[in-house]
Structures are given as structure tokens and as C-alpha cells.
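In: Below is the sequence, then the predicted model.
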Amino acid sequence: MNECEESYIATDGNKQKTAADIYDDTGIMGLICCHDIPLFFANIDSPGKQQKYAVALISHLFLLLLETATVVVFTT
């Protein structure tokens, strides 16, 4: 099992995969509708589990919707 894990660069959390000074983004988060259609994306530029990206996406959605719209938020 260790040999398989060591053969992939993505599994090595200590190895630098890109030049950090060139790229600010470390991931992407998306907001999709119930039909799996992407609505908005946010570039994740800091590591760790942070809720600010989800809050920013949902806040942006509410700015564009009518006040009478119904929104349901699911998380996994």
C-alpha cells in the first residue's frame, strides 16, 4: 500500500507541486443548481477548511435572486 501511495505526487502533502509564487489559487469551489448546472465559482487561495467561500457564493446568489425566490442549501 505504501508503494502505491508514494508513487503519486498528489498524495504527498509535503511536496511542493507548483511554484507558489506564480499561482495564488490552490483549489476551486462551485455553486450548482439542482440540475447540476454550474452557477458561480470561487478560487480557493488559502489552505484549510474554511466556510468563507461557501458563504461568499451563497451571498452572491442572493444578490441576484428575487426576494420571493426559494433557496435550499445542501452540503456534503
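Out: Received the coordinates, thanks.

In: only C-alpha atoms for contact and neighbour calcs from this point on.
Out: Will do.

In: Quick check: mean pLDDT of stretch 29-43?
Out: Stretch 29-43 shows a mean pLDDT of 87.

In: Can you dump the C-alpha atoms of the top helix by length along the chain in CSV for me?
Out: In the chain, taking DSSP state H as the definition, the longest helix is helix 52-64. This file holds the C-alpha atoms of helix 52-64, laid out as CSV (Å, rounded to 0.1, in the frame of the first residue of the first chain):
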residue,chain,number,x,y,z
LYS,A,52,-15.9,31.8,3.7
TYR,A,53,-16.0,30.5,0.2
ALA,A,54,-19.4,28.9,0.6
VAL,A,55,-20.8,32.0,2.3
ALA,A,56,-19.5,34.3,-0.4
LEU,A,57,-21.0,32.1,-3.2
ILE,A,58,-24.4,32.0,-1.4
SER,A,59,-24.3,35.7,-0.7
HIS,A,60,-23.6,36.5,-4.3
LEU,A,61,-26.5,34.2,-5.3
PHE,A,62,-28.9,36.1,-3.1
LEU,A,63,-27.9,39.4,-4.6
LEU,A,64,-29.1,38.2,-8.0
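
In: got the contact list for that helix?
Out: With CA atoms under 8 Å, 6 or more residues apart in numbering as the test, helix 52-64 has contacts from M29, G30, L31, F40, F41, A42, I44.
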